[in-house]
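**Student:** Quick one, structure for this:
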Amino acid sequence: MKLISPSAIDHTCLIVTSLERARQHYESLFDFSFQPREGDPSTLAVESSNVHFFITQVPNAPPAFLQLQHISFRVEDLEGVIKRLRAKGVDSFKSGEVNFFTHNNYRWCEWRDSDGIRVECVESKNRVKA
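**Tutor:** Coordinates of the predicted model:
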């Protein structure tokens, strides 16, 4: 029997302590729209033309758990992301490169959102030349 070979992660769900605070953070940096998930007022559906995911509110989620979460967005212009972060007053970000994968090495920058969740943007170093 052949193994499953996924082509991408379709979506994920972040757990936060405040939907409004999370919405403000992501809305100030990304071109996302937010709407309540049908039938679940404690969850927001977040999307752009290329990305969709969910944010669920768990008011008493332990900080140690929240900080273990990580979401990574692929971007075309990492330098533009860094400029946007600085313009929005996000000074505590890190950046670097990943060179150990066979198929998908990248440059990255990361920071923590309002709940301490690690948010990352990556720019591929393995672009296919046309």
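**Student:** only C-alpha atoms for contact and neighbour calcs from this point on.
**Tutor:** OK.
**Student:** Stretch 105-116 spans what distance, first to last residue?
**Tutor:** In stretch 105-116, first residue to last residue: 25 Å (CA to CA, to the nearest Å).
**Student:** my read: Glu123 touches Leu78, true?
**Tutor:** Yes: Glu123 lies in contact with Leu78 (CA atoms under 8 Å); the separation is 5.8 Å.
**Student:** Mutual contacts of these two, please.
**Tutor:** Both Glu123 and Leu78 are contacted by Arg107, Trp108, under the criterion CA atoms under 8 Å, 6 or more residues apart in numbering.
**Student:** show me the contacts for the residue most central in space within the chain.
**Tutor:** Closest to where the C-alpha atoms of the chain average out (CA atoms, centre = their mean) is Ile71, at 3.7 Å. Ile71 is in contact with Ile117, Arg118, Val119, Glu120, counting by CA under 8 Å, 6+ apart.
**Student:** Next step: those restricted to strands.
**Tutor:** Residues of those located in strands (DSSP state E): Arg118, Val119, Glu120.
**Student:** quick check, nearest of the contacts of Ile71 to Lys83?
**Tutor:** Distances from Lys83 to the contacts of Ile71, taken as CA to CA, are shortest for Glu120 (14.4 Å).
**Student:** In the sheet, which residues pair with that closest one? Tell me.
**Tutor:** Under DSSP bridges, the beta-bridge partners of Glu120 are Ser72, Glu110.
**Student:** In this model Ser72 seems to touch it, though I could be wrong.
**Tutor:** Yes: if you go by CA under 8 Å, Glu120 and Ser72 touch, sitting 4.5 Å apart.
**Student:** neighbour count winner among the two?
**Tutor:** Ranked by neighbour count (other CA atoms under 10 Å), Glu120 and Ser72 place Glu120 first, with 19 against 13.
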